[in-house]
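Engineer: below: sequence and its predicted model.
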Amino acid sequence: ALLPAQVASVYYYGIRALMILLTGMFFMSAGEFVFVRYLRKQKYVWDASSLVSGAIFALILPPTVPLWLVI
């Protein structure tokens, strides 16, 4: 359901929007992995919910936001 919004953002705002999306999704997944694996001491099961959360977070940010702020 987020794919049309992601495609439109990359179409209108260019490669910068794609970098924000990928950064948000990657670091949200990495943060979930670290939290589940090392802080909760459980076996990590990947369910892609962190990708959705990272995409939603990235889509609410303006295209001029610095990447360190997304991280």
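Structural biologist: The structure has been received and is ready for your questions.
Engineer: got the contact list for the most centrally placed residue in the chain?
Structural biologist: For the chain, the residue nearest the mean C-alpha position is residue 25 (2.0 Å; CA atoms, centre = their mean). The neighbourhood of residue 25, defined by CB atoms under 8 Å, 6 or more residues apart in numbering, consists of 50, 51, 54, 55, 58. Every residue, glycine included, has its C-beta placed from N, CA and C.
Engineer: apply 10 Å and report the result again.
Structural biologist: Contact analysis of residue 25 by CB atoms under 10 Å, 6 or more residues apart in numbering lists 6, 48, 50, 51, 52, 53, 54, 55, 56, 57, 58, 70.
Engineer: go ahead and confirm the fifth one touches residue 3.
Structural biologist: No: with the criterion set as CB atoms under 10 Å, residue 52 and residue 3 do not qualify as a contacting pair; they are 11.0 Å apart.
Engineer: who's more crowded, the two?
Structural biologist: Using other CB atoms under 10 Å as the criterion, residue 52 and residue 3 rank with residue 52 on top: 14 against 8.
Engineer: what's the distance between that one and residue 11?
Structural biologist: Residue 52 sits 21 Å away from residue 11, taking CB to CB, to the nearest Å as the criterion.
Engineer: let me see the mean pLDDT of the longest helix seen in the chain.
Structural biologist: In the chain, assigned by DSSP state H, the helix with the most residues is helix 15-34. Summarised as a single mean, pLDDT over helix 15-34 is 94.
Engineer: now stretch 38-53
Structural biologist: Per-residue pLDDT over stretch 38-53 has a mean of 81.
Engineer: same thing with stretch 64-71?
Structural biologist: 94.
Engineer: span of it from start to end?
Structural biologist: Chord length of stretch 64-71, first to last residue, is 14 Å (CA to CA, to the nearest Å).
Engineer: now it, how far from the chain's geometric center?
Structural biologist: Centroid displacement of stretch 64-71 relative to its chain, using CA atoms, centre = their mean, to the nearest Å, is 12 Å.
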